[in-house]
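Novice: here is a sequence together with a model predicted from it:
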Number of protein chains: 2
Amino acid sequence: MELLKDCISKQVSIDTASLEKILSMFESEELKKGDYFLQSGAVCRKMAFIETGYLRMYDIADGKEITLWIGSSRKFITSISSYVFQTGSIWNIQALTDCKLHVITKEKHLLLGEQEPKWLEFDNLLLARSFALLEQGAFAHLHTTAQQRFDALMKNEPDLFLNVPQQHIASMLGIAPESLSRLRKKSIK
Amino acid sequence: MELLKDCISKQVSIDTASLEKILSMFESEELKKGDYFLQSGAVCRKMAFIETGYLRMYDIADGKEITLWIGSSRKFITSISSYVFQTGSIWNIQALTDCKLHVITKEKHLLLGEQEPKWLEFDNLLLARSFALLEQGAFAHLHTTAQQRFDALMKNEPDLFLNVPQQHIASMLGIAPESLSRLRKKSIK
DNA sequence: TAAATTTCTTAACAATTGTCAAGAGAATAG
DNA sequence: CTATTCTCTTGACAATTGTTAAGAAATTTA
């Protein structure tokens, strides 16, 4: 629980009691590699803070699995629009490795919102950053080459390349696995 | 004001009094071609419903203007994260043609939220759809070719090609203006 | 309206990335 | 531990898209 504690207290100034109250609403959950946290079509009723492990968010298009995002330690993951508006999710969320999660349900999330103003503040920051991150990703795809996106990911999340199948990373970068293989080869030289 | 009225009443069931209350919070605003609705760095304090005209949302990267989105009639436009969280906007929003807008300020927006539950409902739908749209756009860039994105835009928003400089459309599609020129030529045959 | 400026198109060529096929390597199941 | 399956790499080639440069077309300004 330490990681989650740090994550919250680093972003909002909060007293111990409130922080403990928030933490008490989370339950631990473990996933085995390959397990699904969410399947497309279902309404997403929980949000997870990733303690350890990797999960990918993907959908299928033209018969191919396309990975939009891979979440790793210290990140929150959920199908945002499904979780916020309780509509069917288009995304699948699957564990790429064994995972340890801290999970909060939609019910407790709403309850916390009423009882702890700091949670609302934190929740808002989370949403804002998710939106901004998505926007930045979309923006990057408009003016960068695969090479540039690869370099950036290599710099910002090098651990991904060591812990996650390359095909999913390639998909997230918007390129063929073979192309990723070539870019990796170049970068090692 | 008719277009805005329709836009709201088509999405939430609402009585006349509440609808009129909401509409009364909007003020008309006209922009000349080239005028800015918002400049990057500034906190975005208003949201606009586009009655007529076209506006683009863009930022500069490596010295080039990159257009993330072009808004047209019957669409809402604002720098969402800046408007929602009152932080500095990274986006510029500029009129590409003369525009007639219906504008609501952040203050009145918040006020309406307290007074009209239906506004909250509508506002939520708007945000959810903006997020979903952005997600879909990002997703599309991962598995489609420029050709496919061009075809889709041609089908969904053909009027864009007749009313907006091609260079901005190319930017939004993530390709060079010369490439767009080629795709257009092909599609005419 | 005419001149100046900006935008768009075209063509040749270069660079990047995709596709296909084969084999090497790694992970998993029995 | 071994066989099987899945994943990754490599190379040859094709297709797409970017770049550069020039001229045509359209728009704006005076």
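Specialist: On my side now, so go ahead. Numbers count the residues shown, from 1 in each chain, chains lettered A, B, ... in the order given.

Novice: can we go C-alpha only for contacts and neighbour counts from here?
Specialist: Noted.

Novice: work out the gap between stretch A:64-79 and the centre of the chain.
Specialist: How far stretch A:64-79 lies from its chain's middle: 4 Å, per Cα atoms, centre = their mean, to the nearest Å.

Novice: could you give me the buried positions within it?
Specialist: Residues of stretch A:64-79 classed as buried by neighbour count (16 or more other Cα atoms under 10 Å in any protein chain shown): A:65-79.

Novice: most widely separated two among these?
Specialist: Pairwise distances across those peak at 25.1 Å for A:65 and A:74 (criterion: Cα to Cα).

Novice: which single residue of chain A ends up nearest DNA strand D?
Specialist: Closest to DNA strand D within chain A is residue A:165: 3.2 Å, counting by Cα to the nearest atom of the strand.

Novice: end to end, how far does stretch A:70-88 reach?
Specialist: 20 Å (Cα to Cα, to the nearest Å).

Novice: is any residue of it near chain B?
Specialist: Yes: against chain B, stretch A:70-88 shows contacts by Cα under 8 Å from any Cα of the partner chain at A:81, A:85.

Novice: does stretch A:144-152 reach DNA strand C?
Specialist: Yes: applying Cα under 7 Å from any atom of the strand, one finds stretch A:144-152 in contact with DNA strand C at A:145-147.

Novice: whichever of those end up buried, select them in ChimeraX.
Specialist: Buried residues within the residues of stretch A:144-152 next to DNA strand C, by 16+ other Cα under 10 Å, are selected in ChimeraX with:
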select /A:146,147
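
Novice: can I get the residues of stretch A:144-152 next to DNA strand C in JSON lines with secondary structure and pLDDT?
Specialist: Output for the residues of stretch A:144-152 next to DNA strand C, formatted as JSON lines (DSSP: H, G, I helix; E, B strand; the rest coil; pLDDT from 0 to 100):
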{"residue": "A:145", "secondary structure": "coil", "pLDDT": "96"}
{"residue": "A:146", "secondary structure": "helix", "pLDDT": "97"}
{"residue": "A:147", "secondary structure": "helix", "pLDDT": "96"}
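
Novice: quick check: phi and psi on residue A:36?
Specialist: For residue A:36, the backbone dihedrals (degrees, to the nearest 10) come out as phi -100, psi 130.

Novice: for it, the count of nearby residues, please.
Specialist: By other Cα atoms under 10 Å in any protein chain shown, 15 other residues sit near residue A:36.

Novice: beta partners for it?
Specialist: Beta-bridge pairing of residue A:36 under DSSP bridges involves residue A:94.

Novice: is it true that it touches residue A:96?
Specialist: No: applying Cα atoms under 8 Å, one finds residue A:36 not in contact with residue A:96, separated by 9.5 Å.

Novice: quick one, helices of chain A?
Specialist: Taking DSSP state H as the test, the helices found in chain A are A:2-9, A:16-24, A:80-85, A:106-115, A:117-143, A:146-156, A:158-163, A:166-173, A:177-188.

Novice: pick the most deeply packed of those.
Specialist: helix A:166-173 (a mean of 22; mean count of other Cα atoms under 10 Å in any protein chain shown).

Novice: who are the packing partners of that one?
Specialist: strand A:64-71, helix A:146-156, helix A:177-188, helix B:117-143 (3 or more Cα pairs under 8 Å, 6 or more residues apart in numbering or on different chains; DSSP states H and E).

Novice: and the longest one, what does it pack against?
Specialist: Yep, that's helix B:117-143 we're talking about. Using 3+ Cα pairs under 8 Å, 6+ apart: helix B:117-143 touches strand A:64-71, helix A:80-85, helix A:117-143, helix A:166-173, helix B:106-115.

Novice: repeat the analysis, applying 7 Å as the threshold.
Specialist: Counting contacts by 3 or more Cα pairs under 7 Å, 6 or more residues apart in numbering or on different chains; DSSP states H and E, helix B:117-143 packs against helix B:106-115.
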